Structures are given as structure tokens and as C-alpha cells.
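1. Just need the structure, nothing else, for what follows:
(chains A and B)
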Number of protein chains: 2
Amino acid sequence: MKSFFQPASIAVIGASAREYSLGGQIITNLLYGYQGKIYPINPNYDEIKGIRCFPMPEAVPGPIDMAIIIVPAPNVPEAMEACGRKGIYRVIIESAGFAEVGPAGKELQSRCTAIAAAAGIRVWGPNCMGLVDIPRKHLFTFMHPKVYEDGLIPGRISLIVQSGMLTAGFLADLMGERAIGVGKACSIGNKSDVDECDILEYLLQDEETDSVALYLESIPRGRRFMELASGAAKPIVVLKGGKSSAGAKAALSHTSSLAGNARLQDSLLTQAGVTIARDFQQMMELARALAMIPQTPRHCRVAIMTFSGGAGILSCDLLDEHGFIVAELSFETKKKLAGVFPDWLPASNPVDLFPAFAIRGPLAAYEGAFAAVVEDPGVDVIFLHYFAGLYQSFEGLKRMKDMADKAGKVIIIWVIGLRESVRSFKKDAQALGIPAHGELFRAVECLVAAANYQPRQLAAAGPPAAAKWSLPADAGDLLAEGKHTGIWDEFASKRLLEKINIPVVEEYLAWTAADALTAGRRIGYPVVIKGLLTGEVHKTESGLVCLGVATDAELEAAFADLMSRLRGQGRIVIQRQLPVEYELIAGFLRDDQFGPCVMFGLGGIFSELQRDVVFALAPPSREDALELIYRIKGIKLLRGFRGKAPVNEDAMADILVNLGNLGAACPQIEQIDINPLAVSQGYPVAVDATVVLGGREFY
Amino acid sequence: MKSFFQPASIAVIGASAREYSLGGQIITNLLYGYQGKIYPINPNYDEIKGIRCFPMPEAVPGPIDMAIIIVPAPNVPEAMEACGRKGIYRVIIESAGFAEVGPAGKELQSRCTAIAAAAGIRVWGPNCMGLVDIPRKHLFTFMHPKVYEDGLIPGRISLIVQSGMLTAGFLADLMGERAIGVGKACSIGNKSDVDECDILEYLLQDEETDSVALYLESIPRGRRFMELASGAAKPIVVLKGGKSSAGAKAALSHTSSLAGNARLQDSLLTQAGVTIARDFQQMMELARALAMIPQTPRHCRVAIMTFSGGAGILSCDLLDEHGFIVAELSFETKKKLAGVFPDWLPASNPVDLFPAFAIRGPLAAYEGAFAAVVEDPGVDVIFLHYFAGLYQSFEGLKRMKDMADKAGKVIIIWVIGLRESVRSFKKDAQALGIPAHGELFRAVECLVAAANYQPRQLAAAGPPAAAKWSLPADAGDLLAEGKHTGIWDEFASKRLLEKINIPVVEEYLAWTAADALTAGRRIGYPVVIKGLLTGEVHKTESGLVCLGVATDAELEAAFADLMSRLRGQGRIVIQRQLPVEYELIAGFLRDDQFGPCVMFGLGGIFSELQRDVVFALAPPSREDALELIYRIKGIKLLRGFRGKAPVNEDAMADILVNLGNLGAACPQIEQIDINPLAVSQGYPVAVDATVVLGGREFY
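-> Numbers count the residues shown, from 1 in each chain, chains lettered A, B, ... in the order given. Alright, predicted model coming up:
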């Protein structure tokens, strides 16, 4: 990857002397700051902007590290072959007209990939804007030079973007209005070869990058991405486009991506320690805050220093809403603050500095109050509000940052004011490593992300515990003897679950009324009687479930009724009627991009209101399984309520681990649903389940 | 109120020749554009900035419409008296040091109010920044002149802000970075006399104001505010500070406000047609969008026109998430678009214009595509993405707005790009009446608000239906014979509910085991037996509830057990055990700021997960009650699920109307809780209830 970012020489195939053609803009951009050799390639020119132009790559005398191709799509294979002949092993194809335009383009793209493979070339693109490295002034892109008219702000956040125009427009916005600095920005387009995983891997090692933000429309190597994210020592922020069906359809026509199951992807990425963004600028502000804010306790105590009582109040509301604590200042701190404040105002948090401005002058008031607050042992974070432009420039900020670092405290800033002053204040804050935001809620949102973020550790040496699992012989027998494809009925499904130690409800098949009575008496009334029809998922609505059967007579009648409804098909089961506190759902599935996964969530009536399900890669370790349980929104319910026992977390984790192990070990299992997984006196029990075997080949 | 906004002459009591004193800044600000007479009042000067200065108001020869007072707080009563003598009937006290600083300040404020009342003066403030009218260039405020260094942008959104510094800083931010125009901005401070209701009333009539945004820390005249909002023909956006307990504490020390019950306030305001904001800039963007976007269907169909496929995809995701429909373009539209696009790209929504830029030029591509899309009968809204600064200025925008108006379609814009270009584009768009936003999610958020907004109509002539209600005589008897204060047990509470036609569960008191058996047999087993202890709200946890009592013997045993637990206190009730589908909650309460209210929401296990309750003023009309029901998040549940019957909405509305009527008619009722209000076979039935009588005087 390094050759893409720091080549000693670059050939531009399709360079042009026309200033505002794409081939012309690439030359202009290279001249902006690239120090290596530039070789324009175009048979129609002898020189471009004073640089010698060659008719073809082979005509260049010296070696060439990298080529940027910007000729029309149909001419790209020829250019690729020329690269191969010249021995150029890194190529960025910035031309459009490939897989994104339909079958013909797809075919063209395959030809390029084949040429590259044969010649040993790594290909970046096609249909992309290449890359920029702002601190190095490397602009390997055709973006319009006007984009950086407002200036480029170097930073330590790197970007991977699966969208062309967006990279450019977005950069202009970031460095203009928002004053956010950027390190490397990579536009990956159709990712025919180099993809987000390749670049992420590089950026995670890059000493000039503190955090990575990605806008992606697909993650085809989802498993690899998870591996990288789980082992990353830097924050990663992902904004995933194409979550809705309309968005996914658009994604398909845009960069020919498959968007995948949004809920599953977000959930998996969260488990891997990735922060999920919802919009472009938010993604960058999150990435910046995560890079700058050191690890912070989840319910950290925040002191607010403000020039506006109203902003202080609203900050309290926003912090409180997100589970932060508005710090109680110590007696010591209040005493120190008293020196800064007028007599009539007892200092408290939020520290409203406005009344103190008149006494000490605004900047001295800020610094004086900060010095008091930063020492308070009950304060973890200082949320500073600033009005830029009204006073002279704020040199005290550096001293405040030093004080905070020394005390191990975090600073985060909300700044409004005059345009130029705000921008230069933001740049100063950024250079000092303090995130400065233009809206209160965004600052709080970033603080939430920072408090939730925990750098991942690679698993300790040795295979994870899950790897030791082996399929019980009797479970293997069931899978072998059963039908090898299709949907199993709930009785068959639970027999398999039983073999891997998942608790299931007591139940017996009944072929005759006598069987039914035997089962009913054995279980003890009341019982449930169900008719099982393979593939019938709405048993209740179809009248195939009879609850609360309380006597022999009722059972006989219900049996007769079900027999007539089933008309000789399916089978009948008699089940214990459990006292159920509430219902959960657990499952296993295979995702096209991420492979085998387990799922956990609230079931029953709750799922009528709001989906509350989470996912992890399968097989999960015990710790993964516990974390998964803790991640549902309804975790409060599981911890016991109104005198009900909390759910047994060990038993629940066992179910998820065993489900994941079974699914991962048996590629023929496409899906398992336990729904409901009833919680009865604190213990989860599978009441209904469905196993689906498939014929597909999986990971 | 008009005299505050357009006085013919203004006295500035406490004017100063020192440029950057508050009294000096007021003079500078008045000179910015105020055309009336200015009378500086200060015994130490003969003139200030070339204007004759008077030692006291009485020394001014002509009449004075309004005074701004900026002398130190202790001198304000004296200044007020001088105003009275001079016959100045409008006074803005901008000095601080009153109710916000504690008891002494409160006392000072009362003195000023008393003087004003005696002299017939309306007082604005104290502890405020006064008001500005930007289109008129009236700056009746001490804010620092630097605040408007970036220029003032006139607009048609007016602001009421209960926070001083914020008004100023916020204005700078709005007109600087955000390029949002403002009409009148009113800083109301301690609102000792003039409050948000007075100003709102004025602004709702003001022909220069299209929408009103309010930042408030308290709404003491909540009932009046609701009346104004419910009858408003303009959008109102409210940002309420002090929602959290920490925020409320800060609010108390800041502008001496009582923050009230945040959930109740938000819910009431929503029912009155107010849009709720969560942050300052969002409040303004919402107010602007609501003023500019005509009424739009809730699930409107949106066409996206973008320069970036990625932004198009993300827009689909955000729109979809909020219940909008990504429009399916007609065959006709696609045919027209084909003329703008290259052959290889079939036009669809989102319309990604980038490929068309090369063929027609960017601006012509925009206009051409817009002309096609705006005519599509399947499109309600066009969400336009623009990159400002790359091309020459976009004159086509006006033509596009005209086309949209003609076709009755809405335009909303997302714009990024170079700084100056973005700002001037935003100003142009604003002048055309098109909201232009800097973040995608914010544009979508504003579209959501616009789609949810419905201008309120004043109730038709004649008293509302609810007014005809009168307390049934037997209910009155119960209230008279019962204890006159305190908490009623559930049996007594339900007897009262029964009298006003609220369905209650069948139940009987039992003083002896024989009573219990009679009741059990009459109801039919299984039954519930409960011990009632006044004030005991955790009956279940205290072992005072026994469910599923199925036989005479079980009932006798349970009765004996309860008798021993109760130790001669309380009483015992035998209840029918209803088959319950799920549990709701309904209630009545009195709020300090808003008076009598009814409450409705999900109960039981749901309330363990997430509060889902809504409020309306009592007594609600039938329509209000139905609307209240529709407003809970869990409305889906009430509409039937898994073959369960939907809840009977008429029966539910009756309960709320009757509850509200009872509470509103009986000031001694402080609170009524029906919890749970069980839904059994589609009908709501009160299973447990508590009536609380209070001794307080209410509305």
C-alpha cells in the first residue's frame, strides 16, 4: 500500500494540457505539492505545464512507481497492458464507466482485473477520485483545484470513501466551514482489487493517522473487516450507505455495491468496537473527538464553563439525557471560584462566567475558573463554551490544555461567534488536540462516543475457547438422518437444540388420543397442544395452537379438533405450559458479507413495538455472548423488575455460545430461530424453534 | 407591545460616553439604524456621541415613548420612579442583579414591579438584553457591536430567548456561519411583567414574522401559552431548557425559573401544534423550514437530485428512516431525463447528476433535470444537493423555485462547498424562500417537522363539548362523604371511576371468609384476592396480592393469609381475574404551570423498558382524546397484532374524556392514576386505581 501513498514517480495516462479537463486537473493537483517525478502520458502533447509528455509509459526513460489512468473506459485495458509492459505495479484507475454502468462495464472491469492479475499489478479503482495526503500535499486526484481554494488543513484523521464527487465536495466542506483537518483521504470507487480492508489495514499501522472514518456502501470482505476492527488500536468510525431498500437500490446503481442487512452490520461493527455514524460531517466530528479524547469513564462527571446561562442549562439537559453526570463541585473548588466571581453569585456547575467577565476580564475569568475546576477530583471532563471574536485571541487555551493533560482531564469545546474568529479558534483548538464543535448536541454526541469507545485488544495467544467445541455425536446423527435441506418443524428443531444442551420445554409427540392423554398426565395440566406443519410459521393465527388445556376431556377434544384441521398432514405435540415472565429471541444465521452470526433480542409482544436485536460473529466466545446480552436496549428488563428474578446470564450466554458453535461447525445449517425463548422463573427455555438447512456453500 | 418595538423616542437611562461600557454600547447600537429620537440620560455628561445628554428623564423637553434602563440594580427603582413622573409607559430594564441573584435581588425586583404597576408602566426584563428588529435596524440592546461585524441578515423568523448572552452570541452565529436571517429577537430575562406570552401574542399578529422560535426556561402562564399556540396560524418552535434535574437546578440560579415536568410540557406543546427543538441552531433551522415549506403530506414522496451518488444513497436511508417515500419516477420523467444523461446511465431516483455534468454543463444539467422531475405527479418534494463554489453562481435557482411553486412542489436543499460561496448560496436560497441546510440529516429532520406540522384552527364558535359535562350527583356524594384529603385505596377509587362511566373490574369487599367465598363464587374462579392498605403502592412486592385463586379452599387459605398479613388494618377485595392482552395507563394530574391535564400511555412490562406516555390539557375534547391515543409510540400495539383485536378507541377516548372532566370539575382532586388499565379482548378496564385528594387551591 505504501507505494500508492508515497510513490517516487507517477505516470498520468490521459494527462491533458486543457486546464479544466480531468487529465489537466490531475497535473495541476500533482504540481500542488508532490515532490516526486511526474510523467504525463498523452501522444498528443510534447509537454504539459512545462513537464515533458510521453506518448506511452514505455517511452519514459526511468522506472515508474505508480500510474494514474484517466483515459476513457474502453481504452483502459490497453493502458493497463502498457503499465504491465513498463513494470508499473501500482495503478489508480480514476476513469468511470465500469461495473457501475451495467453488464458491459462489468465485463470491461473484469478484463482490467485479469490484465492486472497477470502482470502483478495492484489496482485502485476504477470509478474513483484516487487519494490525497494532505500533510504531504499529495493530491493524486482529478478533483477540481477550486475545491481547495479555502486552503487545506492537515490533520491526523484519515478517510476512506466509497464515492467520488463526495470525497472532493466533502473535503471542501471539512476544510472550509468546519475547519476539520484531514490526513489521508482515499476514494476507493468500484474497489475491483484494493478495497477498504487493504487501506484500513495500512491506515491502522500509519503513524500519521490517529483515527479512521469510512463511508462505505458495501463491505464484501466483512469477516476480514471485523478482524481488523477487533484488533485496531485506533478508533474507527463507519458511515454505512444503502441501509434502506431505496438506499440499497441506489447503491447498486452507484458503485455496484450490495448493501446487506443494515441492522446486522451495525450491530456486528459495534461489537467489534466500531463507532457508527449517521451523516458525513457527524462522522468526521466523531472521528476527530475519538482521536483526541482519551479513554473516559462511561458515566463521567462533567463540569460546564460557559458565557451563557442558557447554554449551560441546555448542556445539563443534553448531558443528563445521555447518562452523564453534571459534576458536583467540591467545597475547595467553589472557594477558589469565589475569587473569580462577584459576591452575589455563588459558584456552581454550570460555571456561568458572564458575571465574572466584568471583574477579571473575560479571558482571565476563563483561565482562573478553569484552573480551579480542573483540579476538582469530582470532575472528569470540562465542557467549555466559547464565544469567538468578541475578545482578543485566546492564548490561554494552550495553558488550559496543559493543565488538563497534567490533571488527566478531558476538554471538549462548543464555540460560536464571528465567522473568521470561529474558524481560526477551531483550527487552534484542533492543533492543541481539543475537539471544538459548533453545536451543543454534537459535542455531547461526541462525548458519548468517546465514553463508549474502548480500544480493542487482540485475543490473547492461543485459540479462543470456542474453537475447542466439537459437535456432539448424537447431534451429528440427527443432522445426518434428518432431511438435508429445508425447514424442520419445531419438534425436530428442539431435538437438535437439546443435544447441544439448550434447555427446551418438556413435550411429547402424540399420534393418537391415547398418546395425548399419556403426555398430558405425564406433564401435568394445564398443557399446550399444537399442530405442526412444516413451513407454517403462523401456527397461532391458523388455529393450530390450543393453550391452557386443563383436563383430560379438554385435551381429547383439542386433539380431535387438531386432527381434523391437519387432515393427515404434519404432527401433533403436547407441551408443558410454562409460567412465562417475558419472551426473548435467539438465533443463528449466515450473512453474505459477514458469514455465520448469532442473534439475540427481545421477543414476543416487545417485537410488536420496536426491534431490539443484536448480533455477533459466530462462534462467539463466552465473553462475546455476555457482551451481546448486555447490548440490547431492554437489558433493564433482564436484570429483574417488580420483584421478578433477573435472567440467569450464564444460562443465556451458554445458549448463544452453543447455538454459535453448532452453526459454525455445520455448514449445512443456514438458520436457527428460537422464538420464543421464554424466560420462566429467571431461566431461558426454548418454547418454539426452527432449524433451516440449506444447500449453499458457506465460509 | 408595539411601543416596545417601534417607539418614536427612546431614553437611555445610564447612557455612557465610554465606548465599551454597556451604557455606551446601547447608544452605539441605537445609532446603527434607529430613526427615532434618542435621549441619553446621565447627570455626568452634557452630550454623548454628539447627542445631547440629560441629567434625568424629566429634563427632556418632549414626550418619551420608551426607556432603556442600564444603571446598577440598586438605582433602578429610582429610575423607574423618574419614568413614572415623566410619563414613560414602556421600560426595558437591561440591568442585572435582581431575582436571579437571590432574596435581596428578588425584593428589589418586587419594588420595581410595584412602582411600575402604580405608574401604569409595562416592564420588559430585568436581567435581559432587550430586543432587536433586524429588518428595521432597531438594536435596543447593550450587546457588543462586534456581534454584528459579519453583517445582519434580515429575515422573517422571530425569536424569544430567555437568556441574555445567548441572544447576542447566537445572533452572531446565525448571521455569520449559518446565514440564517432573523426578524425580531427578544431577550426577556426575568420577565417580571412582559413575558413570552405577551410577546408571542404580538409576533403571531406581526405581518413581518412568518414563524416564532422560543428558548424558554419556564412557562409560568402555561395555560395562556397553550391557548396562543393552539390558535396560532404560524409555526412555533420551542426549545425548553432545564429538562433534567441538573438543568432545572441551573435554570433556577440563572433566570430564576421553575422548569416543570419536561415530558409533560413537551407532550402538551406537541398537542398544541408546537414543534419541539433540542438545540439552538436546530431550533432556528426548524423555524425557517416550517416558515418556508408549505403543508406537506406526512409520507410524502421525495425526489433527490444530487452531485454525489453517495449523498443520494445516504439521503434515501435518512428519508426512509423517517417514513418518507423515495419517489418512483414516472416513465415520462425518465424519458425526459434521458435527454440530460449519458446513454449508459438509466435515470432513476436519486437523480445522480454528476454523469450529466460533462454533457450539458453542471448548471444546465441541474435545471434540465429539475424541469423534468418537478412535473412528475409522483413527486411531492425535491431534495436538491448542491456543491457551491465550483461553478459560477447559480441563477437557475430562482427559475427552479418558480417551477416548483407553479407545480405545487416543495424544494429543500443540502449545500456544501467553499465557504463564501456556501454562505452566499444560503442567503440567495433564503431570499427565494428555500431552506438550505449544511447537513443531510438536518434537512431531513426539518422535512419531518414540516410534514408533521399542521396549522391549528381556533375551536369553532360556542363552548367546546367538554364544557357541557357536569359531575354526576352520586360521584359528588362520594367525594363529599369520603375523606377530603389524601390517598384513596383502589376499591374506593374505582367506585368513583364507576360513577363517571369508566369500566372497572368486577370486585367485592370481603370482611369475613364467608364474604370471600360468596364473592369468589359470584365472580367465578379463578379470582384475585388483594389486601388494600392506604398508601401501599407496592402491593405485589409486599405479598398482598394473590393471583389465580382457583377453588373455594384456595380462596379460604388466601383470605386467612391476608388477614394475618394485614393485622387488622386495611381491607380485602376479591376481583375477577381478567384475561389481559396488555396493560395501559391513564391518569389525571395538575401541573403548576399548565393546570389540569390527562395522561395516557403504555403500562405494565412496557414501562420497565421505556416511558411511552403523552399528555393533554383537561378536560380534553373527544378529538383531543383520540389524538392523544394516536400519539403514543406504541400505537401499533393498540391497532391489533398477531390476531388480537385492536383496542376499542371510542371506549378508550371515553375514559380519557371522563377522567379529564371529573378532574377539571373537582378542584379537590389532585391526581388520579389508573394503572393498570388492562386491555381485555379489545376493551380497556380499570384494574387498579388511585385517587388523590389535595388541600391546595388550583386553577
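2. Just give me the neighbour total for A:Ala117.
-> 12 (other Cβ atoms under 10 Å in any protein chain shown). For glycine as for every other residue, the C-beta is placed from the backbone atoms N, C-alpha and C.
3. How about A:Arg631?
-> Counted with other Cβ under 10 Å, the neighbours of A:Arg631 add up to 18.
4. And the pLDDT for it?
-> Here, the pLDDT recorded for A:Arg631 equals 91.
5. Point out where the stretch 101-250 of chain A drops to low pLDDT.
-> A:164-167 (pLDDT under 70).
6. Might you enumerate the residues of it proximal to chain B?
-> Residues of the stretch 101-250 of chain A lying close to chain B by Cβ under 8 Å from any Cβ of the partner chain are A:101-102, A:104-105, A:144, A:146-147, A:149-150, A:161-166, A:169-170, A:172-173, A:176-177, A:215, A:217, A:239, A:241-247, A:249-250.
7. Now a PyMOL select for only the buried ones of these.
-> Those of these that count as buried under 16 or more other Cβ atoms under 10 Å in any protein chain shown are selected in PyMOL with:
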select buried, chain A and resi 101+105+144+146+147+149+150+161+162+163+164+165+166+169+170+172+173+176+177+215+217+239+241+242+243+244+246+247+249+250
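8. Okay, the closest residue to chain B within the stretch 401-550 of chain A and A:Lys234: tell me how far apart.
-> The nearest approach of the stretch 401-550 of chain A to chain B comes at A:Ile416, 3.8 Å away (Cβ to the nearest Cβ). Distance, A:Ile416 to A:Lys234, using Cβ to Cβ, to the nearest Å: 30 Å.
9. Just want to know which of these two has more residues nearby.
-> Set A:Ile416 next to A:Lys234 and count neighbours by other Cβ under 10 Å: A:Ile416 wins out with 31 against 21.
10. who's in contact with the more buried one?
-> By Cβ atoms under 8 Å, 6 or more residues apart in numbering or on different chains, A:Ile416 lies in contact with A:386-388, A:422, A:438, B:169-170, B:172-173, B:177.
11. Which element, helix or strand, includes A:Glu583?
-> Using DSSP states H and E, A:Glu583 falls within strand A:582-591.
12. Identify the residue spatially nearest to the closest residue to chain B within the stretch 51-200 of chain A, adjacent ones excluded.
-> Closest residue of the stretch 51-200 of chain A to chain B, Cβ to the nearest Cβ: A:Ser163 (2.8 Å). Nearest non-adjacent residue to A:Ser163, counting by Cβ to Cβ, 6 or more residues apart in numbering or on different chains: B:Gly310, 2.8 Å away.
13. Just say helix, strand or coil for the one you found.
-> In three-state terms, and counting by DSSP: H, G, I helix; E, B strand; the rest coil, B:Gly310 is helix.
14. where does it land on pLDDT?
-> At B:Gly310, the pLDDT value in this model is 89.
15. cool, A:Glu541 as well?
-> 68.
16. How about the one 4 residues further on?
-> For A:Val545, the model assigns a pLDDT of 91.
17. What of A:Glu328?
-> A:Glu328 is assigned a pLDDT of 93 by the prediction.
18. residues from the stretch 351-500 of chain A in reach of chain B?
-> Counting by Cβ under 8 Å from any Cβ, the stretch 351-500 of chain A sits next to chain B at A:352, A:354-355, A:387, A:389-390, A:416-419, A:422, A:438-441.
19. And the furthest pair within those?
-> Maximum pairwise distance among these (Cβ to Cβ): 27.6 Å, between A:Pro355 and A:Arg419.
20. Between these two, which is the more surrounded one?
-> A:Arg419 (23 against 19).
21. The residue nearest to A:Ala213 when sequence neighbours are not counted: what secondary structure?
-> In this structure, A:Ala213 finds its nearest non-sequential neighbour in A:Ala287, 4.0 Å apart by Cβ to Cβ, 6+ apart. In three-state terms, and counting by three-state DSSP, A:Ala287 is helix.
22. Surely the residue nearest to A:Ser163 and A:Leu216 touch.
-> No: using Cβ atoms under 8 Å as the test, B:Gly310 is too far from A:Leu216 to be in contact (9.6 Å).
23. ok so A:Asp474 is a strand residue?
-> No: with three-state DSSP as the criterion, A:Asp474 is located in helix rather than a strand.
24. which secondary element of chain A has the worst mean pLDDT?
-> Across the helices and strands of chain A, mean confidence by mean pLDDT, DSSP states H and E is lowest for helix A:245-255: a mean of 67.
25. and the angle for whatever helix or strand comes next after that helix with strand A:582-591?
-> Downstream of helix A:245-255, the first helix or strand assigned by DSSP H and E is helix A:262-271. Orientation check (axes from the mean of the first three to the mean of the last three Cα atoms, to 10 degrees): helix A:262-271 against strand A:582-591 gives 90 degrees.
26. Please name every helix or strand in contact with helix A:262-271.
-> With contacts defined as 3 or more Cβ pairs under 8 Å, 6 or more residues apart in numbering or on different chains; DSSP states H and E, the packing partners of helix A:262-271 are helix A:222-230, strand A:236-240, strand A:275-277, strand A:595-602, strand A:613-617, helix A:622-631.
27. partner strands of the fourth one, parallel or antiparallel?
-> Pointing back at strand A:595-602 there. Strand A:595-602 pairs in its sheet with strand A:582-591 (antiparallel), strand A:613-617 (antiparallel), by DSSP bridges.
28. The second one too?
-> For strand A:236-240, the pairing partners within the sheet under DSSP bridges are strand A:211-216 (parallel), strand A:275-277 (parallel).
29. which of those strands sits most buried?
-> Comparing these by mean neighbour count (mean count of other Cβ atoms under 10 Å in any protein chain shown), strand A:211-216 ranks first with a mean of 28.
30. So what touches that strand?
-> A:156-163, A:166, A:196, A:200, A:203-204, A:234-241, A:277, A:280, A:283-284, A:286-288, A:290-291, B:310.
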